[in-house]
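Enquirer: Predicted model and sequence below, questions to follow.
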Amino acid sequence: MDRAIAIQVSRLTKAYDGRMAVSDLSFEVYAGEIFGLLGPNGAGKSTTLRTLITLLIPTSGTASILGHDTVREADVVRRLIGYVPQERAIDRFLTGREHLELLGALYHLSKAEAAKRIAELLKLVELEEAADRAAKTYSGGMKRKLDIACGLLPDPKILFLDEPTLGLDVQSRLRIWDYVRMLKERGMTIVMTTNYLDEADQLCDRLAIIDGGKIKTLGSPAELKIGLGGDIVSLTLKDQSKIPTLVAALTNQPAMRAVKATPTGLDIRVESPEKALPAILESANRLDCQLEFIEYHRPRLDDVFIAHTGRSMKDDVPVDKEGV
């Protein structure tokens, strides 16, 4: 049975002053799924998102939301979506309830409808007790919950989240994840950008890895990891000057699917660690390559990212800092 398509993107390109921010993107988002755009800072995730929510006009290509073109029918699209931006739009002197009341007026909701929606949303994001306190008294996690409540106020069919847990501590991030899952259970379609690998792995039904403004690969986290075709054995060498020698010795051996040098050693994709490890240790011993550390793991999203982009995302991810 074919799944209903909520968002259709075809050959989408956006350039600023001749610089290509996103190039030739094509993908679909199914109704009721959580779809992620995963990539480092500057990859083109936010540009893609802002084009979909009608804030940017594409240089070329098209995008449609529930069958409505984002350029020709921008007014219709805006009535169908909710948006939680990366930059918080919180006035520190307004209370949580006042933020939602102001937004309700901007959406032209009747007072009765706004009051009903606000009460529901404050309960949903667990801000009922703090609703009448000034936002300046809120923690980072509480402010993010208020952001999400604001995005949900117009009762959207599709919710767009730009880096939903950026800068939050672990506990706050886990709580936001719970809210996102709950929204999906209620039937909402969610599109999110993130540069957290664990977030994409835990939340997204499908994701597109985007780097340099291009989609490198697309699929469910499980499909992408299985698609690598093997487990990973990582070696750390005491003498890094011997890395090229060991890479050459292991490349094209029967049990090795791919051998890649790292700053401290090698990452080896193997068919079976039981078959590969004896060959790895024999080659290292024969070439007098002293091993400081050996790690074995199933493929992770970072391995997928490295395989498709040639580099790791880890150095691009910001440090968690704000509390719940």
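Expert: That came through fine. In this text the structure is predicted, and so the values were computed from the model without any measurement.
Enquirer: Show me the residue sitting in the middle of this protein in space.
Expert: residue 194 (2.8 Å; Cα atoms, centre = their mean).
Enquirer: Going along the chain, name the strands of the chain.
Expert: Ranges of strands in the chain, per DSSP state E, are 5-16, 19-30, 34-38, 60-65, 68-69, 81-84, 158-162, 189-194, 206-211, 214-219, 231-237, 256-261, 265-270, 291-297.
Enquirer: Mind putting those strands into CSV with mean pLDDT?
Expert: Shown next, in CSV, are these (pLDDT from 0 to 100):
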stretch, mean pLDDT
strand 5-16, 95
strand 19-30, 94
strand 34-38, 96
strand 60-65, 96
strand 68-69, 97
strand 81-84, 92
strand 158-162, 95
strand 189-194, 96
strand 206-211, 95
strand 214-219, 95
strand 231-237, 92
strand 256-261, 89
strand 265-270, 91
strand 291-297, 91
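Enquirer: how deep is residue 123 tucked in, by neighbour count?
Expert: 12 (other Cβ atoms under 10 Å). C-betas here are computed from N, CA, C, even on glycine.
Enquirer: Same check on the one 10 residues further on?
Expert: Residues near residue 133, counting by other Cβ under 10 Å, number 14.
Enquirer: OK, contacts around it?
Expert: 95-96 (Cβ atoms under 8 Å, 6 or more residues apart in numbering).
Enquirer: got the CA positions of the helix or strand bottoming out on mean pLDDT in the chain in PDB?
Expert: Here the helix or strand of the chain ranked lowest by mean pLDDT, DSSP states H and E is helix 301-309, holding a mean of 86. Presented in PDB, the C-alpha positions along helix 301-309 are these (Å, rounded to 0.1, in the frame of the first residue of the first chain):
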ATOM      1  CA  LEU A 301      25.200   6.900  12.100                       C
ATOM      2  CA  ASP A 302      28.600   8.500  12.400                       C
ATOM      3  CA  ASP A 303      30.100   5.600  10.400                       C
ATOM      4  CA  VAL A 304      27.300   6.200   7.800                       C
ATOM      5  CA  PHE A 305      28.200   9.900   7.700                       C
ATOM      6  CA  ILE A 306      31.900   9.200   7.300                       C
ATOM      7  CA  ALA A 307      31.200   6.600   4.500                       C
ATOM      8  CA  HIS A 308      29.200   9.100   2.500                       C
ATOM      9  CA  THR A 309      31.000  12.400   3.100                       C
END
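Enquirer: who touches it?
Expert: 38, 197, 200-201, 209, 211-212, 216-217, 221, 224-225, 227-228, 232, 258, 260, 267, 269, 311-314.
Enquirer: let's see it at 7 Å
Expert: 197, 200-201, 209, 211, 216-217, 221, 224-225, 228, 232, 312-314 (Cβ atoms under 7 Å, 6 or more residues apart in numbering).
Enquirer: Check stretch 66-81 too.
Expert: Outside stretch 66-81, the residues that reach it (Cβ under 7 Å, 6+ apart) are 6, 51-54, 57, 62-65, 156-158, 160.
Enquirer: can you do 10 Å?
Expert: Contact partners of stretch 66-81, identified using Cβ atoms under 10 Å, 6 or more residues apart in numbering, comprise 4-9, 12, 31, 51-58, 62-65, 107, 151, 154-160, 189, 191.
Enquirer: What are the buried residues along it?
Expert: For stretch 66-81, the buried set under the neighbour-count rule, 16 or more other Cβ atoms under 10 Å, comprises 66, 68, 70, 73, 77-78, 80-81.
Enquirer: you'd agree the residue nearest to the centre of the chain is up against residue 176?
Expert: No - contact status for residue 194 versus residue 176: not in contact, 11.1 Å apart, counting by Cβ atoms under 10 Å.
Enquirer: and for the two, which residues touch both?
Expert: Common neighbours of residue 194 and residue 176 (Cβ under 10 Å, 6+ apart) are 161, 164-165, 203.
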